[in-house]
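[1] Output the structure for:
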Amino acid sequence: MEFNLDAFAEAPTLEQLDSCGKADLLLIADHFAIEVTRSGRKQVIKDRVKEVLLEQQMLVGADTGESVLGKAESSPVKTKCPVTAAQQKFELDMRRLELEAQTALRERELEAQARERVLEAQVRLKEREMEMNLRLKEMELETARVSSGCNKQQAEFDVSRHIRMVPPFREAEVEKYFSLFERVAITLKWPKDAWSLLLQCVLVGKAQDAYSSLPLEQSLDYEEAKAAVLRAYELVPEAYRQKFRRFRKADSQTFVEFAREKESMFDRWCAAQGVKQFEQLRDLMIMEEFKNCLPERVATYLNKQKVTQVAMAAVLADEFSLTHASLSVGKPPPRHNDVTPRREFPGSSAGPLKASAPVSGAGQETSGNKGKVLCHFCKKPGHIMVNCYAFKKKNNFSKGVTLVKTSSPVLGLGLSNWWVVPTPIRLAVSRRWIRRLAILV
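    Residues are numbered from 1 along each chain as shown. Modelled structure (predicted):
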């Protein structure tokens, strides 16, 4: 039969209590607020519930309905109740002690685990510190080894022993010398600090002067010394460009040698300009073509500015042209030689020879020139063959000869009558005329 807590609470009886299971006894204890050990035995729980209900005079017999209290006075239950309570108290104390022991043990375990974690963290920290110290020691040893090796190498490097291995310097092949020197230095593993010292031992001429003019700090730097020597021989990018463009094949050269020289010159030109990419090479080619299309003074100005980009060069060229435009605005146009007449050759459709502008005293021999002028026909001084009376009389050429007013006595003939003159005379006059023009020019 299923236990009914409500019915038992209205009229609790001993028979119902004896028939209850452990779960029912726990429900009764909860209902009447009776403290029991839930993990205890059923009999212990039942005795505790019965004891409390008897103390509260709530438990009655099933048949008579009388309180069990009167029976308990004469029955042996009266002697058994204190024993049951003491036993229950003992069990409670034991349970409490067990719980306290378990709690203390758990706390000790947690404390031990915490101490272990702290110790592990400290051990890891110590290990990291030891690793860091070990790395620092290794780095110090490596640095000391490298420095000692460098010092040892510098101490062992004897310039006097290696100077005979330095290639001799030739002023005619300056650009080739440095590549040869660097190749020898790398092959023999010379320290870079000693390169400038070895180099200055073989420099001569302008190279030695350029090296001597450097400050002490720059003279110890190989790159600075190299740049100074190249500048002394004008081996700048423009010089490399001109060499590359003007180099022609010699008769004693083969085409293979010529091609190799061309490639070498082009490489030096690009290296001097710092060309390492296609865009830089493109700017280099366009810049060269742009300068070739400029006036010489503008191109010289751009070379002095060392501009490498065409856009910037165009801006500088415009600025230069605008700045120097005033110099050409007030400048008079170029004058032609006033003493040289314009010549019209025989056979042309033009009329007789004319001068563009007469000069005062033209067409007449001055007193200073009369002693110098000699007639090629009569061999008499003071006049020329055109004005020679004997020549006119002999050839009946007085009407066909006209005088041209110029800055110097020059022959002027009508083209229609020119071919009437005998050939020997024409040749003599022409040669005389050419010599006169050459003197005037």
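[2] Which parts of this protein are strands?
    401-403, 411-413 (DSSP state E).
[3] So for the first one, mean pLDDT?
    Along strand 401-403, the predicted confidence averages to a pLDDT of 46.
[4] got the contact list for M287?
    307-310, 313 (Cβ atoms under 8 Å, 6 or more residues apart in numbering). Using the backbone N, CA and C atoms, a C-beta is placed for each residue, glycine as well.
[5] could you redo the residues you listed as a markdown table and give each row pLDDT and distance to E279?
    Below are the contacts of M287 laid out as a markdown table (pLDDT from 0 to 100; distance: Cβ to Cβ, whole Å):
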| residue | pLDDT | distance to E279 |
| --- | --- | --- |
| V307 | 83 | 16 |
| T308 | 80 | 11 |
| Q309 | 81 | 10 |
| V310 | 79 | 12 |
| A313 | 85 | 16 |
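[6] By neighbours, which of those wins?
    A313 (22 neighbours; other Cβ atoms under 10 Å).
[7] my guess is that one meets F290, correct?
    Yes - with contacts counted by Cβ atoms under 8 Å, A313 reaches F290, the gap being 6.2 Å.
[8] quick one: which of the contacts of M287 is nearest to R41?
    Each of the contacts of M287 was scored against R41 by Cβ to Cβ, and Q309 proved nearest at 104.2 Å.
[9] Give the closest residue to that closest one in space, chain neighbours not counted.
    Leaving aside its sequence neighbours, Q309 sits nearest to D283 (Cβ to Cβ, 6 or more residues apart in numbering; 5.8 Å).
[10] mind checking how far the one you found is from A239?
    19 Å (Cβ to Cβ, to the nearest Å).
[11] same thing with F3?
    121 Å.
[12] so where's the longest helix in the chain?
    helix 77-156 (DSSP state H).
[13] chain center to that one: distance?
    54 Å (Cα atoms, centre = their mean, to the nearest Å).
[14] now it: mean pLDDT?
    Mean predicted lDDT for helix 77-156 stands at 80.
[15] again, but for stretch 15-33
    So the average pLDDT for stretch 15-33 ends up being 82.
[16] okay, that stretch in PDB with CA atoms only?
    Once non-C-alpha atoms are left out, stretch 15-33 reads as follows in PDB (Å, rounded to 0.1, in the frame of the first residue of the first chain):
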ATOM      1  CA  GLU A  15       1.700   0.700  13.100                       C
ATOM      2  CA  GLN A  16       1.900   3.100  10.200                       C
ATOM      3  CA  LEU A  17       5.400   4.200  11.300                       C
ATOM      4  CA  ASP A  18       6.600   0.600  11.600                       C
ATOM      5  CA  SER A  19       5.300  -0.100   8.000                       C
ATOM      6  CA  CYS A  20       7.200   2.900   6.500                       C
ATOM      7  CA  GLY A  21      10.300   2.400   4.400                       C
ATOM      8  CA  LYS A  22      13.400   4.600   4.700                       C
ATOM      9  CA  ALA A  23      12.200   7.000   2.100                       C
ATOM     10  CA  ASP A  24       8.800   7.400   3.900                       C
ATOM     11  CA  LEU A  25      10.700   7.900   7.200                       C
ATOM     12  CA  LEU A  26      12.700  10.700   5.500                       C
ATOM     13  CA  LEU A  27       9.500  12.400   4.300                       C
ATOM     14  CA  ILE A  28       8.100  12.200   7.800                       C
ATOM     15  CA  ALA A  29      11.200  13.700   9.300                       C
ATOM     16  CA  ASP A  30      11.200  16.500   6.800                       C
ATOM     17  CA  HIS A  31       7.500  17.200   7.400                       C
ATOM     18  CA  PHE A  32       7.900  17.300  11.200                       C
ATOM     19  CA  ALA A  33      11.300  19.100  11.000                       C
END
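[17] Just to check, the residue nearest to Q309 is in contact with T308?
    Yes - applying Cβ under 8 Å, one finds D283 in contact with T308, separated by 6.1 Å.
[18] re the thing from before, and the longest helix of the chain, what does it pack onto?
    Other elements packing on helix 77-156 under the criterion 3 or more Cβ pairs under 8 Å, 6 or more residues apart in numbering; DSSP states H and E are helix 42-55, helix 68-74.
[19] switch the cut-off to 7 Å
    helix 42-55 (3 or more Cβ pairs under 7 Å, 6 or more residues apart in numbering; DSSP states H and E).
[20] Check which helices and strands the helix it packs on is in contact with.
    Contacts defined by 3+ Cβ pairs under 7 Å, 6+ apart place helix 42-55 against helix 14-19, helix 22-31, helix 68-74, helix 77-156.
[21] sorry, back to before: inside helices: which ones of the contacts of M287?
    Using DSSP H, these in helices are 310, 313.
[22] Which one of the contacts of M287 is nearest to R164?
    Nearest to R164 out of those is T308 (Cβ to Cβ; 41.8 Å).
[23] what's the closest one in contact with, if anything?
    Residues in contact with T308, defined by Cβ atoms under 7 Å, 6 or more residues apart in numbering, are 273, 283, 287.
[24] For it, what are phi and psi?
    Dihedral pair for T308: phi -120, psi -10, per degrees, to the nearest 10.
[25] before we move on, the earlier item: can you pick out the residue with more neighbours from D283 and A239?
    D283 (19 against 16).
[26] hang on, the more buried one packs against M312?
    No - in this structure D283 lies outside contact range of M312 using Cβ atoms under 7 Å: 10.0 Å.
[27] quick one: the residue nearest to F290 when sequence neighbours are not counted from F278, how far?
    Distances taken as Cβ to Cβ, 6+ apart put V310 closest to F290, at 5.5 Å, once the chain neighbours are dropped. Distance from V310 to F278, counting by Cβ to Cβ: 15 Å.
[28] Same check on L14?
    Going from L14 to F278 by Cβ to Cβ gives 113 Å.
[29] higher neighbour count, those two?
    L14 (16 against 8).
[30] That one contacts L59, doesn't it?
    Yes - if you go by Cβ under 7 Å, L14 and L59 touch, sitting 6.0 Å apart.
[31] can you count the residues close to the closest residue to Q87 other than its chain neighbours?
    Nearest residue to Q87 in three dimensions, chain neighbours excluded: V44, at 7.1 Å (Cβ to Cβ, 6+ apart). Using other Cβ under 10 Å, V44 is surrounded by 16 other residues.
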